[in-house]
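Q: need a structure here:
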Amino acid sequence: MKRTDSDNERGWVLVIAMAVMALMLVMGLALLSTADTQSQQSRKQRERDSAFNMAEAALGNEVYLLSRKWPGASTTQLVPCDQSSNSPSTCPVNATLLANFAQGGVTQADYSGVTWKTHVIDDGTVTCSSPAASFNLANYYIDTVANPAAGQTCNPQNYDQNGNNQVWVRAEGVVRGHQRVIVGRAQIQQLQLPFPRIGVAAGHLTMTNNQNQTIDPTNTPIQLHCGTSGQNPPVTGCADFSSTQILNYGGTQFGGSNTAHAMTQTERNNAKSDAIAEGHYCAAYNAVPTDQQSSPGFCDSDSCPQSNSLNYIGSSGGSPGWTVWVDGPRPSGNQNSDCAYSQTQNWNSPNSPGLLIFNKGGLSLNGGGNFYGIMYMVNNVNPPVGGESRDLIVLQGGGSIIGAASVDGNGGINAGNNSSTRITYDPNITQRVTVNGAAGILQNTWRQIR
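A: Down below sits the predicted model:
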């Protein structure tokens, strides 16, 4: 019997339909896999970006801290920091960094469990051992110094060892295993100190009557807080000198304020911070443990800069241009001074003058030599109004000040009677006295190294 088409039941349509469905399933799974891969890649990229953002935040915060406390000496070097550090004055605060990545007070998911590190490294030469190597960071950063190979040891300095006001700052962030490392070269600005352009200012000035010593104010007026306007020296107890002892005499201004200060409170605070950062700070003799303590090894038991070193009121060589702050030495019972020195040498230099500030108390130089820079006695004692009235700068042994000498309030300057003693106002020197400003990353030094 002959079959008809209606009797054909071989099922090809079903086979084709199933094949099409299988193909569509494969294509769908491929598209799903591609979408999942892209989603994972997107998540990984987001996590890498989050790690970068954390590293950048840590770097910026560390540079901000450098503005407040520049590591200018080995005694103020900054140890490496991480998320567990608990030193807000030298390390970023973890909670502060995380707050940058919070919404409605809730930290974003990527930053849960994030870790970070910062490391300040001088831009000089770093030596390593096992194997031995030497890396010069003057021109560019080499990460081996902070991340040496297994078994290798490097000794990067965590402060501005070479004194060029520049350090490298390395920061890293790690989010779910994704690490990002960035580095930048930070520089601290040097700001000219806006000190009054007057060579000698004090409550009173004494020069003994043998007229051996001289003062050269370079045609600027001698400013005294005693007497009355219109007087001429000598004025007993106020201007105990003869105008013949003054070279390039620009007159004497009497009756100045005995409560005004040559430097504002902000300027004095900045200078004090600089001295602490440089390791040239002496706390008050009666400071309590909660106060800022003296720079290690710099001060004696009376809170005066150590006299057993040539470098007590400024550098006598090496790296001049010190900022020295003495908060308040132990009263000695001597009506001339509290800190007294008899060594003979020069301190600082004409090209790198220093800034010496006594917040309270005074200084007596009984030896020879020149101090280049600004010598300033704040006389911050109240009561009485105007502070102490005794001599707070005393020059007895032929020592000279080249730059400027200033005593606030009622305190005086005694130039002694040695023929070698001079106080010379040099505006070129005083204009070179600087204080630290803000720190920032130098242009074209920022880069991502991992």
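Q: Other residues contacting the helix or strand bottoming out on mean pLDDT in the chain?
A: Within the chain, no helix or strand scores below strand 106-107, which has a mean of 78 by mean pLDDT, DSSP states H and E. Contact with strand 106-107 is made by 98, 101, as judged by CB atoms under 8 Å, 6 or more residues apart in numbering. From N, CA and C alone the C-beta is placed, and that goes for glycine too.
Q: how about 6 Å then?
A: Contact partners of strand 106-107, identified using CB atoms under 6 Å, 6 or more residues apart in numbering, comprise residue 98.
Q: what do you get for stretch 302-321?
A: Residues contacting stretch 302-321 (CB under 6 Å, 6+ apart): 163, 282, 285, 300, 322, 324, 329-330, 339, 341, 345, 347-349, 352, 354, 356.
Q: If we ignore the residues flanking it in sequence, what's nearest residue 151?
A: Distance criterion CB to CB, 6 or more residues apart in numbering; nearest residue to residue 151, sequence neighbours excluded, is residue 130 at 5.6 Å.
Q: right, I mislabeled it, should have said residue 217
A: The shortest distance from residue 217 to any residue other than its chain neighbours is 4.0 Å, reached at residue 199 (CB to CB, 6+ apart).
Q: And the residue nearest to residue 151, how close does it get to residue 149?
A: As judged by CB to CB, to the nearest Å, residue 130 and residue 149 stand 9 Å apart.
Q: Residue 325 too?
A: Remark: distance between residue 325 and residue 149 (CB to CB) = 43 Å.
Q: could you dump stretch 254-265 to PDB, C-alpha only?
A: The C-alpha coordinates for stretch 254-265 follow below in PDB (Å, rounded to 0.1, in the frame of the first residue of the first chain):
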ATOM      1  CA  PHE A 254      61.300 106.800  73.000                       C
ATOM      2  CA  GLY A 255      58.100 105.900  74.600                       C
ATOM      3  CA  GLY A 256      57.200 102.800  72.600                       C
ATOM      4  CA  SER A 257      54.500 100.300  73.800                       C
ATOM      5  CA  ASN A 258      55.700  98.000  76.600                       C
ATOM      6  CA  THR A 259      52.900  95.500  75.900                       C
ATOM      7  CA  ALA A 260      53.200  95.100  72.100                       C
ATOM      8  CA  HIS A 261      55.200  92.200  70.600                       C
ATOM      9  CA  ALA A 262      57.600  92.200  67.700                       C
ATOM     10  CA  MET A 263      56.100  88.900  66.500                       C
ATOM     11  CA  THR A 264      52.400  88.100  66.600                       C
ATOM     12  CA  GLN A 265      51.100  85.100  68.600                       C
END
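Q: Can you name the residues in contact with it?
A: 196, 223-225, 227-229, 231, 386, 406, 408-410.
Q: out of those residues, which are buried?
A: The neighbour-count criterion (16 or more other CB atoms under 10 Å) marks 223-225, 227, 231, 386, 406, 408-410 among the contacts of stretch 254-265 as buried.
Q: Nearest to residue 156 among those?
A: Distances from residue 156 to these, taken as CB to CB, are shortest for residue 406 (40.6 Å).
Q: any residues touching whichever strand or helix holds the closest one, and which ones?
A: Assigned by DSSP states H and E, residue 406 belongs to strand 400-407. Strand 400-407 is contacted from outside by 199-202, 262, 353, 370-377, 392-393, 413, 422-426, 429-430, using CB under 6 Å, 6+ apart.
Q: And residue 54, how far from residue 181?
A: 11 Å.
Q: Settle it for me: which of those two has more neighbours?
A: Set residue 54 next to residue 181 and count neighbours by other CB atoms under 10 Å: residue 54 wins out with 26 against 21.
Q: so who does that one touch?
A: Contacts of residue 54 by CB under 6 Å, 6+ apart are 114, 116, 173.
Q: secondary structure class for the second one?
A: Assigned state for residue 116: strand (three-state reduction, DSSP: H, G, I helix; E, B strand; the rest coil).
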